[in-house]
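A.B. asks: from the sequence below, what's the structure:
(chains A and B)
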Amino acid sequence: MKRTFLGEFEEIVLLVVAASTEEAYGVTIWESIQQTTGRSITLSAVHATLYRLEEKGFLTSEMGGATAERGGRRKRFFKITNFGNRALHEIQDLRAELWKAIPHDRMQPKLSFS
Amino acid sequence: MKNHEKQPPRWIDAILNTVIAPHFIEDVLGDLHEVYAKSVTHENHAKARITYLAMALRYIRPYFIRRKPSPYSSTYLFSSEMIKNYFKIALRTLAKNKAYSFINITGLAMGMAVAMLIGLWIYDEISFNKNFKNYDSIVQVMQHQTRNGEIMTQEAMPYPLGEELRRTYGSDFKQIVMSTWTSPHVLSVGDKKLKKLGNYIDEQAPEMLSLNMIRGTRAGLKDINSIMLSESAAKAVFGDTDPMDKIVKVDNKMDLKVTGVYEDLPYNSSFRQLEVIMPYTLYEANNASLKTMEDPWRPNSHQIFAQLNDHVNIDQVSARIKDVKKKHIRPEQQKFKPDVFVNPMAKWYLYSTFKNGVRVGGRIENVWLFGVIGAFVLLLACINFMNLSTARSEKRAKEVGIRKAVGSVRKQLITQFFSESFLVVAFAFFIAILLVLLMLPFFNEVADKKLTMLWTKPLFWFISIVFSAVTALIAGSYPALYLSSFQPVKVLKGTFKAGRLAALPRKTLVVVQFTVSIILIVGTIVVYRQIQFAKDRPVGYNREGLITVYLSTPDIINHFEAVRDELKSSGAILEMGASSSPATNSWSSTSGLVWKGKDPAQSSDFDYNEISYDYGKTVGWKFVDGRDFDKQLASDSIGLVFNETAIKFMNLKNPVGQDMKWFDESFKVIGVIKDMVTGSPYEPVRPLVFTIGKEGFGVVSLRINPATSVSSALTKIEAAFKKYDPGVPFEHSFVDEEYAGKFYEEMRIAKLTTFFAILAVLISCLGLFGVASFIAEQRTKEIGVRKVLGATVANVWGMLSKDFVILVSVAFLIAVPVSYYFLSGWLEKYTYRTNISWWIFIITGLCTMLITLLTVSFQAIKAALMNPIKSLRSE
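C.D. replies: Model prediction:
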């Protein structure tokens, strides 16, 4: 099967959704990305990525959980699909293989205990 | 915290709601609000709002804006099938309502045709003289003079002025061109003799007028014995043979060599009559007295044209040369206060009416007049078109309902209605072009123009197409935009009803139409009355059977008695007289008369006419006092005959027998005649004096014997003239026709306004007919019920006609003051003018009412006669 390309940011978003224990939606995902990466990211970028991932089939979503502070609007809860799961695994495998290929001494942290 | 402060700014949400695609909006906006709600808890509101705005703005990008594709197939608005269908349906709708389509298309076509004709006419008037390359720098030298207490403006200038301008003000002028007046000259080559109009003009003229040379060069007038011909004149004289270097005998005395042939000057130029030009030096050589004149600055008898140098301001030149004549005339002529000025070519034709030394306009007024009329006729046609389209479209509400019910989308309906109106306008436009082509010859004749369609001018097509498109858009917008918005349920259930307001614009439009029509009718009547008023003015002599022959050679005068005796004895004429000016005109004026009691400072200006002894008998003078000249009395050679106005002007109690001085020569008044109308029939008669002339008569008048037929008399006259004046082709003109020529300008306006008034009324009636038929149709059921309940035909007719009578009455009330205002303004420019009497308005009002009733009645009676069973059965 042809692998679907995932961008770096897409990968992070996908991982965050996969990692979240509670139901994940736009605001929570946005906040946890900012927390984990320490980068300042706009909400719209997160939204766009989420929708794009859903279009590609890595995520599914369902609506629910309206609150007053949202003006009665529902949230869109994202869940990772099997396809998304597999894609993450494939990326991890690929990386692991690449890591293995690196000569042992080259990537040792240059620590000196002198 | 107040509740509303928790909410982010509404306007940002409103923008996001319209910008972001619907399938994103709920959770995106929800998330945004949630973030905002969090931020207001630990930030101040202003800052939170700004953050909110910044975040919201990030959503304005294609990904969020793009709508989710619809799961249904889209409708095809402009596929070739649909376009075909639009036009098929449009054609069927037109064919289904033939009467309506006919009214609509012809009405609009007529309006467009009129607008096109007037447009062409205005274009021609405005482009007058523009063929000359030096249009911007050519000027004519003119002067204002005070005569009889009034400032008169004239082109005639003294002979030495040209040389003086050249010498003293040469830096302002590129060239000064002296010219004689355009007059007929006899050209003869072999046996061929033709009269052609032409001028003696300075040799720089062809260059200044940028004549397009066909043969020879523009330097053709350098040699004194040369002549240049227009293309048509060359063709007439020489046929197809080469005219260059051939010898032409001019006026039976000069042999001139053809040195050039120029393209005919366009009909819309001031020099259109210029068929031949000859060197001014030749004129000077023929009239040696010019150079030896005792007081050459006194007579004004020459034209001076000039070309200004580049960057010379016209007003400044006028200011510089203002007093040039005053410096040279003798003290006793200073009272005329001659102010010399230059009149630029751009103003010759349209702006050369002067009143008391001030430019007050000219033909430009006609351009405005017809421009306004054209615009109004076009407006009428457009009003019709829109009126009928909207009236008709209410009937189509059901169609809209059904179309929508079976799946039409609104855009298809809009396109449908627009394609219908575009189709109608396109038809009308083509018919209008055909109509213009048909009417152009007639129009050219009436308007004295040579208009052609401007097929090759982009401007023409641009205006036509833009105008057509705008009309179609406006007329189609009501059905297209309003009808297409109906809800099918309401329309099909029958609860839809066009409100009262829907009829208001229609009524307004009918009132506007009839106001314009009534103004045009009143205008036409007043113009005709004014012409008739001037025609009915007593002319002071007998025009019937009087003919005039203009002389080019002195041969007839040399054999005057012989010709006269021959024609009188043959019974062809009753009398024959010679004069320097014709009976219908005054070519000379004098300021040299001094009578008893004249204030020396008073400037007097008399028209004068030198005549032979039998002139008075020939034209039929009507004596108020005294007697005619008598050949038997030697003393009559210093006699004078005045008209009544002259006597009044001089304030003489017993004029006959009084002595007078005329440039220091003694004269005696022998008679006073009734005023002869020699000038404009709308202006007061000028003082006129007749004296016995010795030579230099230019005109012969002949009174045809009423006992013989005109044609046989003319053959005899022609034979006699040929015998004594063989070098000149015989040409004559009837005085009554020449007199009628004074009315050409007004007749032209009258004919054109009649033409436009008829069209305006016709277009208005077409519209009325259409609207009436529509209303009758709309009220079919009502009429049916009324008839069942006992209404008579007359009742129904009255009911339907009443509305229109009211509308036309309103139009009448508006039109009366408006037309009165404009027409009294128009009449003001005539000294002899008719009054606008009340009966003109009454008659116009009655006529309009009658036409309205006739138009409406056709439909009203048809509706009233309908069998109520038929009209009520349908439900």
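
A.B. asks: show me what counts as buried in the longest helix seen in chain A.
C.D. replies: Looking across chain A with DSSP state H, the single longest helix is helix A:82-101. Under the neighbour-count criterion of 16 or more other C-beta atoms under 10 Å in any protein chain shown, helix A:82-101 has A:84, A:87, A:88 buried. The way it works is simple: take the backbone N, C-alpha and C, and place the C-beta from them, glycine included.

A.B. asks: for those residues, which one is nearest chain B?
C.D. replies: Closest approach to chain B among the buried residues of helix A:82-101 (C-beta to the nearest C-beta): residue A:84, at 19.1 Å.

A.B. asks: how about low-confidence regions in chain A?
C.D. replies: Residues of chain A that meet the criterion pLDDT under 70 lie in A:1-4, A:107-114.

A.B. asks: how about it: which residue is closest to chain B?
C.D. replies: For chain A, C-beta to the nearest C-beta, closest residue to chain B: residue A:73, 3.2 Å.

A.B. asks: need the three-state assignment for that residue.
C.D. replies: coil (DSSP: H, G, I helix; E, B strand; the rest coil).

A.B. asks: need the residues of chain A near chain B, please.
C.D. replies: For chain A, the contact set with chain B under C-beta under 8 Å from any C-beta of the partner chain comprises A:25-27, A:30, A:42-45, A:47-48, A:51, A:63, A:66-67, A:69-71, A:73-76.

A.B. asks: in helices, which of the residues you listed fall?
C.D. replies: Checked against DSSP H, these include these in helices: A:26, A:27, A:30, A:43, A:44, A:45, A:47, A:48, A:51.

A.B. asks: need the residues you listed in JSON lines (columns: distance to residue B:352 and neighbour count).
C.D. replies: Output for these, formatted as JSON lines (distance: C-beta to C-beta, whole Å; neighbours: other C-beta atoms under 10 Å in any protein chain shown):
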{"residue": "A:26", "distance to residue B:352": "82", "neighbour count": "23"}
{"residue": "A:27", "distance to residue B:352": "84", "neighbour count": "20"}
{"residue": "A:30", "distance to residue B:352": "83", "neighbour count": "22"}
{"residue": "A:43", "distance to residue B:352": "78", "neighbour count": "21"}
{"residue": "A:44", "distance to residue B:352": "74", "neighbour count": "22"}
{"residue": "A:45", "distance to residue B:352": "77", "neighbour count": "14"}
{"residue": "A:47", "distance to residue B:352": "77", "neighbour count": "23"}
{"residue": "A:48", "distance to residue B:352": "76", "neighbour count": "20"}
{"residue": "A:51", "distance to residue B:352": "78", "neighbour count": "20"}
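
A.B. asks: let me have those in CSV, extended by distance to residue B:359.
C.D. replies: Putting those into CSV (distance: C-beta to C-beta, whole Å) gives the following:
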residue, distance to residue B:359
A:26, 79
A:27, 81
A:30, 80
A:43, 75
A:44, 71
A:45, 75
A:47, 75
A:48, 74
A:51, 77
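
A.B. asks: quick one, what contacts the residue of chain A closest to chain B?
C.D. replies: Going by C-beta atoms under 8 Å, 6 or more residues apart in numbering or on different chains, residue A:73 touches A:66, B:26, B:27, B:29, B:30, B:33.

A.B. asks: of those, keep whichever come out buried.
C.D. replies: The neighbour count (16+ other C-beta under 10 Å) marks B:26, B:27, B:29, B:30, B:33 as buried among those.

A.B. asks: quick one: buried residues of stretch B:382-393?
C.D. replies: Buried residues in stretch B:382-393, counted by 16+ other C-beta under 10 Å: B:382, B:383, B:384, B:385, B:386, B:387, B:388, B:389, B:390, B:391, B:392, B:393.

A.B. asks: now the helix or strand hosting residue B:207, how far from the centre of its chain.
C.D. replies: In this assignment (DSSP states H and E), residue B:207 forms part of helix B:205-208. Offset of helix B:205-208 from its chain centre (C-alpha atoms, centre = their mean, to the nearest Å): 30 Å.

A.B. asks: do the same with stretch B:226-240
C.D. replies: 33 Å.

A.B. asks: again, but for stretch B:155-171
C.D. replies: 35 Å.

A.B. asks: contact partners of it?
C.D. replies: Applying C-beta under 8 Å, 6+ apart, the external contacts of stretch B:155-171 come out as B:140-143, B:173, B:176, B:178, B:290, B:293, B:296-304, B:306, B:309, B:317, B:320-321, B:324-325, B:328, B:340.

A.B. asks: inside helices: which ones of these?
C.D. replies: In this view, the contacts of stretch B:155-171 that belong to helices under DSSP H are B:290, B:317, B:320, B:321.

A.B. asks: in the stretch 351-500 of chain B, what residue is nearest chain A?
C.D. replies: Closest point on the stretch 351-500 of chain B to chain A, by C-beta to the nearest C-beta, is residue B:409, at 28.9 Å.

A.B. asks: what pLDDT does the model give that residue?
C.D. replies: Note on residue B:409: pLDDT of 83.

A.B. asks: can you list the residues of chain B near chain A?
C.D. replies: Residues of chain B found near chain A (C-beta under 8 Å from any C-beta) are B:6-7, B:24, B:26-35, B:37, B:55, B:58-59, B:61, B:63-64.

A.B. asks: quick one on the thing from earlier: residues in contact with the helix holding residue B:207?
C.D. replies: B:134, B:138, B:174-175, B:177, B:179, B:213, B:218-221, B:228, B:260, B:262, B:277, B:305, B:307.

A.B. asks: mind checking which of these land in strands?
C.D. replies: If you go by DSSP state E, the contacts of helix B:205-208 have B:138, B:174, B:175, B:177, B:179, B:213, B:228, B:260, B:262, B:277, B:305, B:307 in strands.

A.B. asks: apart from its neighbours in sequence, what residue is nearest the first one?
C.D. replies: Computed as C-beta to C-beta, 6 or more residues apart in numbering or on different chains, the closest residue to residue B:138 that is not its neighbour in sequence is residue B:345, at 4.2 Å.
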